[in-house]
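>>> structure of the sequence below:
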Amino acid sequence: MNKLREIECFIAVADLGSFVKAADALGISKAAVSRTVLELEARLGSRLMQRTTRRLSLTEAGSLYLERCKQIVAALEEADDLLLAGSAKPAGLLRINAPVTFGILHLAPLWPIFLERHPEVELDITLSDRIVDIIDEGYDLAIRIARLADSTLIHRKLTSTSLPICASPAYLEAHGTPRHPHELAQHQVISYSYNHGKDEWQFSGPEGPVSVRVNARMHVNNGDSCVQAALGGIGITRQPTFMIDQYLRSGQLVPILSDYTAPDLGIYAVYPSRAHLPAKVRAMLDFLSEAFAQVHWSGPTEA
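Numbers count the residues shown, from 1 in each chain. Model prediction:
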């Protein structure tokens, strides 16, 4: 049994969306690819793909397995690159894009440490909350805060952050505290413009998935502005703990609806290619992985 061959076939079919295209890419027959994927599913005891005459799609289990398989392949290729690179020293200009608030709060203190370790590297840091095109815009690395389970991007997960719902004590005293997500429709909400789903907020709660359409009094394309508006008593917001942890701990913001959660967001380092990864990029990936290995943001639970 060749598990790596199984993984190779599975990734090719998932990425290309076709057994025929996967077979062409791998240089083997369609029957061999199909048999390998079937044997993989049998070994795992789980269906990874839904097949019809018109399309092929991943199951939930298949999506999770694909992400982990890509991490395994990336780790193997990085191990190969590490040996092939030998004693190559990180050097040259390293262009990095990162979200504004995360870049200021959690990355800016790290840059002097990295530069001290790697004196031959120069950094060009761009902070922007829009999703940049890494290849077209010439970045070596980008930090993404998102859910990348189905992404074809090459990435390394650094850490994660939760998304609590919160408001100031003054707002809750004036308008009451919602006990169920559906009550948010009657409240003033501060909405982050780049949020996935925007004003359709999804939750997982005691009764299962819950979806509610919120009425945003304010839309902002910057998380800091959302937080400041919430601190000023304008309304309820949903922001990552890496941004609001200090306010939750101090009581300036109060978590609500703690029984209803949104999926955590992963914080990823994303880069264009695994092949011949430059020493400067590998050094930064290893540095960031080390820096965020023990990071955990959390506030007090709702009383």
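>>> and stretch 208-218, end to end?
End-to-end distance for stretch 208-218, by CA to CA, to the nearest Å: 29 Å.
>>> for it, give me every contacting residue.
Stretch 208-218 has contacts (CB atoms under 8 Å, 6 or more residues apart in numbering) with 180-182, 184-185, 187-191, 199-204, 226, 229, 234-235, 260. Using the backbone N, CA and C atoms, a C-beta is placed for each residue, glycine as well.
>>> tally of neighbours for Ala174?
10 (other CB atoms under 10 Å).
>>> and the lowest-mean-pLDDT helix or strand in the chain, what does it pack against?
Using mean pLDDT, DSSP states H and E, the weakest-scoring helix or strand in the chain turns out to be helix 60-85, at a mean of 80. Under the contact criterion of 3 or more CB pairs under 8 Å, 6 or more residues apart in numbering; DSSP states H and E, helix 60-85 touches helix 3-16, strand 154-161, helix 279-291.
>>> need the ones you listed in CSV (columns: mean pLDDT).
Formatted as CSV, the helices and strands packed on helix 60-85 follow (pLDDT from 0 to 100):
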stretch, mean pLDDT
helix 3-16, 89
strand 154-161, 88
helix 279-291, 93
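>>> as JSON lines, the ones you listed with distance to Ala32 would be great.
Output for the helices and strands packed on helix 60-85, formatted as JSON lines (distance: least, CB to CB, whole Å):
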{"stretch": "helix 3-16", "distance to Ala32": "8"}
{"stretch": "strand 154-161", "distance to Ala32": "26"}
{"stretch": "helix 279-291", "distance to Ala32": "34"}
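>>> tabulate those (TSV), appending distance to Leu48 and mean neighbour count.
Converted to TSV, the helices and strands packed on helix 60-85 look like this (distance: least, CB to CB, whole Å; neighbours: other CB atoms under 10 Å):
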stretch	distance to Leu48	mean neighbour count
helix 3-16	7	19
strand 154-161	21	20
helix 279-291	28	18
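>>> okay, domains of the protein per the record?
The chain breaks down by automatic domain parsing into domains covering 3-84, 88-155+265-291, 165-256.
>>> what segments of the stretch 151-300 of the chain are strands?
Ranges of strands in the stretch 151-300 of the chain, per DSSP state E, counting those that start in this stretch, are 154-161, 165-167, 189-192, 200-205, 208-213, 216-220, 236-238, 254-256, 265-271.
>>> JSON lines for those, including distance to Ala174?
Formatted as JSON lines, the strands of the stretch 151-300 of the chain follow (distance: least, CB to CB, whole Å):
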{"stretch": "strand 154-161", "distance to Ala174": "29"}
{"stretch": "strand 165-167", "distance to Ala174": "10"}
{"stretch": "strand 189-192", "distance to Ala174": "15"}
{"stretch": "strand 200-205", "distance to Ala174": "22"}
{"stretch": "strand 208-213", "distance to Ala174": "21"}
{"stretch": "strand 216-220", "distance to Ala174": "14"}
{"stretch": "strand 236-238", "distance to Ala174": "12"}
{"stretch": "strand 254-256", "distance to Ala174": "13"}
{"stretch": "strand 265-271", "distance to Ala174": "30"}
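>>> out of these, which comes closest to Ile131?
strand 265-271 (10.0 Å; CB to CB).
>>> buried stuff in the least confident helix or strand of the chain?
Gly62, Tyr65, Leu66, Glu67, Cys69, Lys70, Val73, Ala74, Glu77, Asp81 (16 or more other CB atoms under 10 Å).
>>> so where's the stretch 201-303 of the chain uncertain?
Within the stretch 201-303 of the chain, the stretches with pLDDT under 70 are 274-276, 296-303.
>>> try the stretch 51-200 of the chain
Judged by pLDDT under 70, the stretches of the stretch 51-200 of the chain that qualify are 81-87, 148-153, 196-197.
>>> what do you get if the cut-off is 50, keeping everything else the same?
Judged against pLDDT under 50, the stretch 51-200 of the chain has no low-scoring part.
>>> what sits against Leu93?
Val121, Glu122, Leu123, Asp124.
>>> and for the nearest residue to the last one once chain neighbours are set aside, the neighbour number?
The one in question is Asp124. Nearest residue to Asp124, sequence neighbours excluded (CB to CB, 6 or more residues apart in numbering): Arg95, at 4.5 Å. For Arg95, the count of nearby residues is 16 (other CB under 10 Å).
>>> cool, and Ala293?
Neighbour count for Ala293, taken as other CB under 10 Å: 9.
>>> do Met218 as well
Neighbour tally, Met218, other CB under 10 Å: 15.
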